[in-house]
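Novice: give me a 3D structure for the following:
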Amino acid sequence: MSSLSRELVFLILQFLDEEKFKETVHKLEQESGFFFNMKYFEDEVHNGNWDEVEKYLSGFTKVDDNRYSMKIFFEIRKQKYLEALDKHDRRKAVDILVKDLKVFSTFNEELFKEITQLLTLENFRENEQLSKYGDTKSARAIMLVELKKLIEANPLFRDKLQFPSLKNSRLRTLINQSLNWQHQLCKNPRPNPDIKTLFVDHSCGQSNGARAPSPANNPLLGSLPKAGGFPPLGAHGPFQPTPAAVPAPLAGWMSNPPPVAHPAVSGGAIGLGGPPIPAALKHPRTPPINPSMDYQSGDPDHISKRTRPLGISDEVTLPVNVLPVAFPGHGHVQVFNPADDLPKAVARTINQGSSPMSMDFHPFQHTLLLVGTNVGEIALWEVGSKDRLLLRNFRVWDLNACSMTLQTALVKDPTVSVNRIIWSPDGSLFGVAYSLYIVQIFSYHGEEDLRQHREIEAHAGGVNDLAFSHPNKQLCVITCGDDKMIKVWDAATGAKLYTFEGHDAPVYSVCPHSKENIQFIFSTALDGKIKAWLYDNAGSRVDYEAPGRWCTTMAYSADGTRLFSCGTSKEGESSLVEWNESEGAVKRTYQGFRKRSYGVVQFDTTKNRFLAAGDDFSVKFWDMDNIQLLTTTDADGGLIVSPRVRFNKEGTLMAVSANENSIKILANSDGIRLLRTFESIPFDASRAADTASKPKINPITAAAAAAASSAGLTERAPVPASSVMNGDGRSLGDVKPRFAEESNDKSKIWKLTEINEPSQCRSLRLSETAKVNKISRLIYTNSGSAILALASNAIHLLWKWQRSDRNSTGKATASVPPQLWQPSSGILMMNDITDVNLEEAVPCFALSKNDSYVMSASGGKISLFNMMTFKMMTTFMPPPPAATFLAFHPQDNNIIAIGMDDSTIQIYNVRVDEVKSKLKGHSKRITGLAFSNVLNVLVSSGADAQICVWDSDSWERQRSRFLPIPSGRTPTALSDTRVQFHQDQMHFLVVHETQIAIYETTKLECMKQWSPRENSAPISHATFSCDSQLVYACFLDATLCVFGASKLKLQCRISPSAYLPSSVSNSNLHPLVVAAHPQEPSQFALGLSDGGVHVFEPLESQGKWGTHPPAENGSSSSGPAAPSMGQSGSDQAPR
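Specialist: Numbers count the residues shown, from 1 in each chain. Below is the predicted model:
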C-alpha cells in the first residue's frame, strides 16, 4: 500500500470516530494494522473481554512472531486461566489450558507443567509465586502495566501506537476542496449548486447566472471554503504521483517550497529516476497530540504485519531461545529490563592528557578507541588493557602544498583543535577534521601501524565535521566548514567530487545516509537551518529550521530506519527529537534535559533502541520509543558539565569525557566480560618490534570498503580551542617507551602456538541423541546463542545455550554445555529425501537474518522450516536438478540464490514462487555462493574450481576465473570450492582442498594464497572469524589451524590429540565443516565425520589463539603485499 493510501486509512479512521462508528473504527484498526488503539485495548482488558483482546491483537501480531508477542499472549491467557480457577470453573480452566496455553509447552515445558499443577490446588494462591494475587480487578491492572511495556518494546508495534496530528474533519475538508475545484471547472457554475452525490463528479447545468465564487453551504458536508483560498489544482489528482522536481523522500521535508530559491526546486525532473528517496522533514512542529486518540502515523517501512503463506516476513529480531519466561505470578518480575542492557558501570578510566573533543570506537575491534583533543592531538587507546597505542600531535604533512592563505593562517594563529575524528566503515581508515582548514586521512594497519593516507585543504576556516559515505560504490569523505560549504572527496585519491553551497552560516554538521538506493546528505548550520543534498550539484532539496536553531547534529539508528537530532540553542535550551520521515515532522520530543544546559549537548544511539546524551554532569538514557527519561548515571562523579559520549558498535561500552582530561569507559555485563579478557593476557612480544616491522593485521588493504555511511555525531561546540604551537608528531617509537627495552630481547622471538593437549584449550563436544552419521553443514545462529547442524541423513540438530549463573549472557560457549533442543511434540526437522540417494546428495542450508527460518535441502525438494516449532512451512523446487547451495539475498529474505547440481544458479522469489533468473557459467555443480551488499554482486564457486562474479541487479556475469592449482597437488574430480565475504564486503575467502586464498572482488585478483605442503592432508573447510581477523581451517587428518587473515600466516595449530579421545583410532574421523561464532572472534565450532560437533575457545588466561608472527625479514611492506601464489616456510602446517 502506498504512503498516500495509508494516510487515507487514517483519514477514514478519524471520520468513523467522529461519526461514532465505534465498532467499525476498531475493526478497521485491526484489519489495516496501521494503528494500535491502546485506550481501546486497555478498556477491553479491564473488562475481561479476552476473545476481543486476542482478536484485536491478531491484526498486529501472532503468538510466534517474536518473544515480545509470545509474552503478551502468554500473560493474557495466563490471566484468563487464573480467573477461571478463581471462580472454581475447572471445566473452563481445563479448556483454556488445552486450547490456549498448550502452545507454550513447546518452548517451556516445565512452565506448562507448573501451570497444569494449579488445577490440583483448592486455591491457586497456595502456589508461592501466586500468593500475592489479589482480586480480579487489581490483577488485570497489574498485568496491563506489563502488557503496555511489552507492546511498546515490540518492534512490530513501532510507529503504530500514536495517530497522526490531524485537524478536525480532515476528510470532509478534502472532499469540500475537491467539490470546490469541480465547481470552479464547471462551464456555467451556479451561485447555489445543488450537490447531492459524491459518486460522480459535480457539474452544474446550463445557467445564465454569474460565475459563483464557491458552492453554497451543503447540508451533508458543511460550509465550503472560498475558492480563492486554494491554489490551482492542476492536472493531477490527490493520490497520483507528484512531479519529480523534489524527490519524494525529501519532498516531505518541504512545506510550500519557494519556486526559485534553489536550482533543484525551480522545476523539471532532477534526473534521479527509479524509486523515491526517503521522506524527510517539513517545517518542524511539536509531536502530534489528539485528546481522543493518541495516534501517530506509521513508518511505511513497517507496514507489513504478517507472513504471507509462502513468503518470509520482515526481520523482527526473533531469537532462537524464545520465551525466557519464569512464572512470575502477579508481582510481574521484569523479564525485559531495558536498563540492564546499558553500559553504566565504570570499568576503566584513562588519562588523555588534554581535553577530549571527539571520540570513536573501531567498527569491529570493539575496544579500540580513537580520541581527538583540544590541542590537536590524536590518540588510539586499547581500552581493555588501558594502553595508549598511538599519540600524534597536529602537523601539516606538506606545508609547501598548502595555499598561502593557510600558511599565513598557521603563522598568525597556530591554535588548532580536533573538531571530529571518525573511523571509516571498515576500520581501515580514519579521518580527522581540524579547526583550521585541514582534514587528514590516516590508514590503520593494526597494532601501532599508522600511515599517512591523504591530507586535504578542505575549507577556508575551521572544518567543523567529517563523515564517510559510500555513494555509487565509492568510498567518500564528506566535510563541512566555516566557509558555509559542504564538500565531498574521493577517499582514495583526495580528489574533490562535489561542492554544495546554499547555507547562510557556518555549517556545523553533516549526516550522510542512503535509503531505497538513493544517497543523500543532511547538513545543519549555526543559524539553525537544515538542508538536504543529493550527489548532483543541483542545490539543496530542503530548507527548514531545526529545534534549538543553533548547534544541531543528526543521526540515524544503526539499522537506518529512524532519524534523530539533538541540538542546543544559544540560550542553553537543549532538545532531542525523533523525526517522522513519512510526514517530515517532529515525531516525538524526549524529556529530561536541564532547563539551561551549560554547554552543547552531544548524543549517540545504539542497538536500534537506546539514545544517550551528556547533560548536567551525567549521561542520560532514553528508550527510543519512550519520551520519558529511562535512566541516568553520573559515572561515579567527575564528569564534565556536558560530557561527550560515544558507544561502541555493540553498545556494550561507552566512552565519556570527564574532568582532568580523562575518559571514563562505562560497560554493561557483556562489556565487562569483554574487558576482563584483557586482564590476564600476557605481554605480546610481537607488538614490541620496531615500527617498520609491525605486522599488518588489518584486512587486506586500506581501500574503500563498506556500505553503510558512517555519519556519526558531531561532538563539540563552536568555541575557540586552547592555544598550542604546532609541533612535530611523535614517532611511533615514542608512543610506548616501555616496549623499547623489551623489544631488544623479545621482538624477534616468535614461536608457533602448538596445542597438543586438552588442557591447552577449551573444547566441548555437544551431546547428541538423534542418530546421525556425519555433520555436513554447520552454522551459528545470528544471535550467537545456538548452533544448527545438518547431518548427512537429512536431520537437523539444534543446540541452544540458556542463561545461567555460569553463563550470564546465554551465548554459545565451550565452558557450559548446551541443550539439544527439540519441541515437546518430538518433531524433527528433516529434509525431503524422496527418491534420494543420500550417499550422493549434497546437503545445504541457509538461515534467515533473524533466525526465524531455515531453508534446507538434502538432494530432494527445498524445505522451509520454522526454527521455533521445527514445522515444515513449505517445500518447493523438486529435483532434478537438485539444490547444492543456498544463500539469502542480504536486502530481501524472499530472494534466494540457489546453486544446482546441473551447474546453474537460480534466483528464486519465495513469495511469488517464481524463478526470476537462471545464471549459467559453471561446468560442474555449484558449491559456494556469497552476496556483497556493498558491491551489489553475487560471487559463485563450483566443483569446476571456477569463481564467477555476477551483478545482483541485472544478474549479468561480470568476470570469472579458474583457481590456479598449486604444483604437485591433484584435486579430486568433484572438489568443493567455497567462498565467503570478508567483513569489508570487498574481499572474499576462497577455500579449496588445495589452498586457502583471499581475492579482491572488483578485479578478481588473488591477494594472498596459502597451500599445504605436498603429500600433506587436504583442506576440508575454512572460514573467517566474525571480525575477519582470523581464518579457521580444518584438514582431513583432523588437524586444525588458525591463520592471521591479513597475511594468511599460521599462528596456532591444534593437534587431533587436543580434542579427540585417545581411544579413537579410526583414521577416517576428521572435521568436515567449521563455523565461526558471530560475535566472539576467538570461538569456532567443528562438525565431524562421526556426527559430533565440537566448540573451541582459547584458555581464559590466553584470550586468543596464539600471536601474530613478525613480518618477514624484519620489515613490513608499505605497499599491497600480495604474492598471488602459495606461501611456503615456517607458516605451513606440516603433516
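
Novice: switch to C-alpha atoms for all contacts and neighbour counts from now on
Specialist: OK.

Novice: helices and strands around the helix or strand where residue 138 lies, which ones?
Specialist: For residue 138, the host element (DSSP states H and E) is helix 136-153. Judged by 3 or more Cα pairs under 8 Å, 6 or more residues apart in numbering; DSSP states H and E, helix 136-153 is in contact with helix 38-47, helix 67-86.

Novice: after it comes which helix or strand?
Specialist: Following helix 136-153 in sequence, per DSSP H and E, is helix 170-184.

Novice: and that following helix, what does it pack against?
Specialist: helix 3-18.

Novice: so for the helix or strand just after the helix it packs on, mean pLDDT?
Specialist: Next along the chain after helix 3-18, taking DSSP H and E as the criterion, comes helix 22-32. Per-residue pLDDT values across helix 22-32 average out to 91.

Novice: next: stretch 188-200.
Specialist: On average, stretch 188-200 scores 79.

Novice: centre of the chain versus it, how much separation?
Specialist: 55 Å (Cα atoms, centre = their mean, to the nearest Å).

Novice: for the remainder of this discussion, apply numbering that starts at 27.
Specialist: In the new count, where the first residue is 27, that last one comes out as stretch 214-226.

Novice: buried set for that stretch?
Specialist: 214, 215, 216, 217, 219, 221 (16 or more other Cα atoms under 10 Å).

Novice: now do the fourth one against residue 530, distance only.
Specialist: Separation of residue 217 from residue 530 (Cα to Cα, to the nearest Å) stands at 50 Å.

Novice: ditto for the fifth one
Specialist: Taken as Cα to Cα, the spacing of residue 219 relative to residue 530 amounts to 51 Å.

Novice: swap in residue 993?
Specialist: On the measure of Cα to Cα, residue 993 and residue 530 end up 67 Å apart.

Novice: neighbour-wise, which of those two wins?
Specialist: Using other Cα atoms under 10 Å as the criterion, residue 993 and residue 530 rank with residue 530 on top: 13 against 9.

Novice: the more buried one reaches residue 509, doesn't it?
Specialist: No. Applying Cα atoms under 8 Å as the test, residue 530 and residue 509 come out as separate, 9.4 Å apart.

Novice: export the buried residues of stretch 214-226 to a markdown table and tack on distance to residue 374 and secondary structure?
Specialist: Compiled in a markdown table, the buried residues of stretch 214-226 are given as follows (distance: Cα to Cα, whole Å; DSSP: H, G, I helix; E, B strand; the rest coil):
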| residue | distance to residue 374 | secondary structure |
| --- | --- | --- |
| 214 | 82 | coil |
| 215 | 79 | coil |
| 216 | 81 | coil |
| 217 | 80 | coil |
| 219 | 78 | coil |
| 221 | 75 | coil |
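
Novice: got those as CSV, with distance to residue 425 columns?
Specialist: Formatted as CSV, the buried residues of stretch 214-226 follow (distance: Cα to Cα, whole Å):
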residue, distance to residue 425
214, 78
215, 77
216, 79
217, 79
219, 79
221, 79
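
Novice: what does stretch 40-52 rub up against?
Specialist: Stretch 40-52 has contacts (Cα atoms under 8 Å, 6 or more residues apart in numbering) with 39, 63, 82, 195, 196, 197.

Novice: likewise for stretch 635-645?
Specialist: 583, 619-620, 623-624, 627-631, 646-651, 658-661, 663-671.

Novice: any idea which helix or strand of this structure has the worst average confidence?
Specialist: helix 763-772 (a mean of 36; mean pLDDT, DSSP states H and E).

Novice: what's the following helix or strand after it?
Specialist: That would be, after helix 763-772 and using DSSP H and E, strand 779-781.

Novice: quick one: buried residues of the helix or strand just after that following strand?
Specialist: Downstream of strand 779-781, the first helix or strand assigned by DSSP H and E is strand 788-791. For strand 788-791, the neighbour count (16+ other Cα under 10 Å) marks 788, 789, 790, 791 as buried.

Novice: with respect to burial, which of the helices and strands packed on helix 162-179 scores highest?
Specialist: With neighbours taken as mean count of other Cα atoms under 10 Å, the helices and strands packed on helix 162-179 reach their highest mean count in helix 93-112, at a mean of 21.

Novice: so which residues make contact with it?
Specialist: 76, 80, 87-90, 116, 118-119, 122-123, 126-127, 130, 145, 149-150, 162, 165-166, 169, 173, 176-177, 179-180, 344-345, 348-349, 351.

Novice: then stretch 66-74?
Specialist: With Cα under 8 Å, 6+ apart as the criterion, stretch 66-74 contacts 76, 78, 79, 82, 163, 166, 167, 170.

Novice: please identify the buried residues of the host helix or strand of residue 523?
Specialist: Using DSSP H and E, residue 523 sits within strand 522-527. For strand 522-527, a neighbour-count test (16+ other Cα under 10 Å) marks 522, 524, 525, 526, 527 as buried.

Novice: pLDDT, distance to residue 496 and neighbour count added to the contacts of stretch 66-74, as CSV?
Specialist: Putting the contacts of stretch 66-74 into CSV (pLDDT from 0 to 100; distance: Cα to Cα, whole Å; neighbours: other Cα atoms under 10 Å) gives the following:
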residue, pLDDT, distance to residue 496, neighbour count
76, 92, 51, 16
78, 92, 49, 13
79, 93, 47, 19
82, 93, 43, 22
163, 89, 57, 12
166, 92, 52, 21
167, 90, 51, 14
170, 91, 46, 19
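
Novice: and the two most separated of those residues?
Specialist: 82 and 163 (21.0 Å; Cα to Cα).

Novice: quick check: chain neighbours aside, which residue is closest to the residue most central in space within the chain?
Specialist: The chain has residue 585 as the residue nearest its centroid, 4.3 Å off, counting by Cα atoms, centre = their mean. Among residues not flanking residue 585 along the chain, residue 634 sits closest, at 6.5 Å (Cα to Cα, 6 or more residues apart in numbering).

Novice: next one: residue 417
Specialist: Nearest one to residue 417, counting by Cα to Cα, 6+ apart, is residue 405 at 4.4 Å.

Novice: ok, that neighbour to residue 51 distance?
Specialist: 59 Å.

Novice: again, but for residue 786
Specialist: 67 Å.

Novice: do residue 933 as well
Specialist: 42 Å.

Novice: same drill for those two, tell me which one is more crowded.
Specialist: Neighbours were counted for residue 933 and for residue 51 using other Cα under 10 Å; residue 933 has more, 22 against 19.

Novice: residues in contact with that one?
Specialist: Per Cα under 8 Å, 6+ apart, neighbours of residue 933: 921, 922, 923, 924, 941, 942, 943, 944, 945.

Novice: same question for residue 889.
Specialist: Per Cα under 8 Å, 6+ apart, neighbours of residue 889: 857, 858, 881, 882, 883, 898, 899, 900, 901, 902.

Novice: which pair in those has the greatest spatial separation?
Specialist: 883 and 899 (13.6 Å).

Novice: which one of those two has more residues nearby?
Specialist: residue 883 (28 against 13).

Novice: quick revisit: any idea of the pLDDT on the residue nearest to the centre of the chain?
Specialist: pLDDT, residue 585: 83.

Novice: go on, the one 5 residues further on?
Specialist: With respect to pLDDT, residue 590 has a value of 91.

Novice: distance of residue 858 from residue 816?
Specialist: Distance from residue 858 to residue 816, by Cα to Cα: 13 Å.

Novice: looking at those two, which is more packed in?
Specialist: Between residue 858 and residue 816, counted using other Cα under 10 Å, residue 816 has the larger neighbour count: 28 against 19.
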